[in-house]
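Visitor: one predicted model, sequence on top.
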Amino acid sequence: MRVEACCQALLHHLLPEIDPQRQGVCFDVGVGTFAFYCDLFRQLGFATVAVEPLPTEKLKRRCQQQGITLLELCLSDQVGQQTLHLGQFANIGNRNFSSLSADWFGSSEHTQVVETLDLATLLTQTETKAITVLKLDIEGWEPVVIQQLASLAPDCLPALVMFEYGGGGSYEKGTQGWASPFLAGTLDSLKLLQRLGYQTSIMVDYAPGSEAKVFDLQALDLETETPFFANGVYGNILSFRHHQPSRDHIQRLCAPYRGGLVNWLVGNLVLATAK
């Protein structure tokens with residue numbers, strides 16, 4: 001699947017179903033240099049917060065023009081400052097792979113000190129009472145943020161949590177973004193979402209020939225099974241707390257975006273060489 005395009009198509013149709021009155025805030029955490037989810041959220045009429053420590057000039061302009069709140073920092077588990085390891089892909093600098101984890105496969109030896117907030121402080125500072133979607137693309141740091149959902153009151157939990165997993169290799173090889181510590185973090189994230197009552201989930205992976213996978217998180221025994229494809233490359237999981245979109249509807253929305261590993265490699269090489 002072409003992951004980002006597919007996920008944006010899903011959100012374009014599903015967010016208005018989840019929150020038709022636009023009562024909640026949409027958070028785009030880890031915006032990067034393309035696939036601006038924050039732009040989509042705002043176009044759909046939602047109050048939107050973008051969190052990105054190294055925003056491009058294009059993103060800054062877009063946020064200013066569209067009335068999107070842009071916070072130039074990292075979402076973490078502490079308030080203060082941390083070391084951001086600047087990203088690289090194919091030995092070329094690429095800020096889309098920057099991570100607070102020194103062990104992330106896309107981290108380089110080049111670093112920069114950045115401001116950080118924890119989730120509770122982010123919600124306080126943005127005066128957020130309800131969250132429609134919490135989208136996380138923060139290069140191996142997603143579990144650090146997701147675990148903080150346990151401290152939120154039930155009525156403050158996001159209606160939808162979307163987070164990236166994997167990257168740099170494949171599930172069956174167990175390397176890079178699939179290495180044991182990162183895979184364990186992803187599984188811990190799913191276990192917590194399961195405990196918090198999240199149900200219908202969609203997995204969109206760049207595995208060659210794959211389709212979007214729809215599963216009931218509550219029915220998954222995470223001690224003995226996972227939702228991942230053996231040839232899974234990287235992707236996003238979208239977990240809904242109460243909303244239950246139909247499988248047929250999801251597959252129709254995702255059908256135009258089927259792709260594979262070649263698309264992923266080409267896309268990232270383009271990003272790596274772009275200015």
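Guide: It's in.
Visitor: burial of residue 64, as a residue count?
Guide: Residue 64 is flanked by 10 other residues according to other C-beta atoms under 10 Å. Just so you know, the C-beta spots here come from the backbone N, C-alpha and C atoms, and that holds for glycine as well.
Visitor: which of the helices or strands spans it?
Guide: helix 57-66 (DSSP states H and E).
Visitor: residue 22 and residue 43 touch, don't they?
Guide: No - counting by C-beta atoms under 8 Å, residue 43 is not a contact partner of residue 22; they are 11.9 Å apart.
Visitor: the two - which one has more neighbours?
Guide: residue 22 (15 against 11).
Visitor: list the contacts for residue 172?
Guide: 230-231 (C-beta atoms under 8 Å, 6 or more residues apart in numbering).
Visitor: roughly how far does it sit from residue 97?
Guide: 22 Å (C-beta to C-beta, to the nearest Å).
Visitor: ok, residue 73 next?
Guide: 18 Å.
Visitor: same question, residue 32
Guide: Note on residue 32: its distance to residue 97, by C-beta to C-beta, is 9 Å.
Visitor: what is the burial count for the closest residue to residue 138 other than its chain neighbours?
Guide: For residue 138, ignoring the flanking residues on the chain, the nearest one in space by C-beta to C-beta, 6 or more residues apart in numbering is residue 30 at 4.1 Å. For residue 30, the count of nearby residues is 24 (other C-beta under 10 Å).
Visitor: distance check, residue 30 against residue 140.
Guide: For residue 30 relative to residue 140 (C-beta to C-beta), the value is 11 Å.
Visitor: how about residue 47?
Guide: 28 Å.
Visitor: neighbour count: the two, which is higher?
Guide: Taking other C-beta under 10 Å, residue 47 and residue 140 do not tie; residue 140 has more neighbours (26 against 20).
Visitor: and the more buried one, how far from residue 168?
Guide: Distance from residue 140 to residue 168, by C-beta to C-beta: 10 Å.
Visitor: how about low-confidence regions in the stretch 151-275 of the chain?
Guide: 259-275 (pLDDT under 70).
Visitor: residue 182 contacts residue 140, correct?
Guide: Yes - with contact defined as C-beta under 8 Å, residue 182 counts as touching residue 140 (5.3 Å).
Visitor: next, show the common contact partners of the two.
Guide: residue 104.
Visitor: for residue 250, phi and psi?
Guide: Here is the backbone geometry of residue 250 (degrees, to the nearest 10): phi -60, psi -50.
Visitor: neighbours of it, just the number please.
Guide: 22.
Visitor: cool, the one 5 residues further on as well?
Guide: Counted with other C-beta under 10 Å, the neighbours of residue 255 add up to 13.
Visitor: determine the three-state secondary structure at it.
Guide: Following DSSP: H, G, I helix; E, B strand; the rest coil, the label given to residue 255 is helix.
Visitor: ok, now residue 7?
Guide: helix.
Visitor: which parts of the chain are strands?
Guide: Under the criterion DSSP state E, the chain carries strands at the ranges 25-29, 47-51, 69-71, 74-75, 80-89, 92-93, 107-117, 131-136, 160-166, 200-205, 213-216, 234-240.
Visitor: please identify the deepest-packed of the ones you listed.
Guide: Of all the strands of the chain, strand 25-29 carries the top mean neighbour count, a mean of 27, counting by mean count of other C-beta atoms under 10 Å.
Visitor: direction included, what does that one pair against?
Guide: strand 47-51 (parallel), strand 131-136 (parallel) (DSSP bridges).
Visitor: from the chain's centroid, how far away is the longest one?
Guide: Put plainly, it is strand 131-136. Here the centre of strand 131-136 is set off from its chain's centre by 9 Å, with C-alpha atoms, centre = their mean, to the nearest Å.
Visitor: what does the shortest one give?
Guide: Taking C-alpha atoms, centre = their mean, the mean C-alpha location of strand 47-51 is offset from the chain mean by 14 Å.
Visitor: next, the angle strand 107-117 makes with that strand.
Guide: 140 degrees (axes from the mean of the first three to the mean of the last three C-alpha atoms, to 10 degrees).
Visitor: what angle separates strand 47-51 from helix 57-66?
Guide: 160 degrees.
Visitor: give the rounded mean pLDDT of strand 47-51.
Guide: Averaged over strand 47-51, pLDDT sits at 98.
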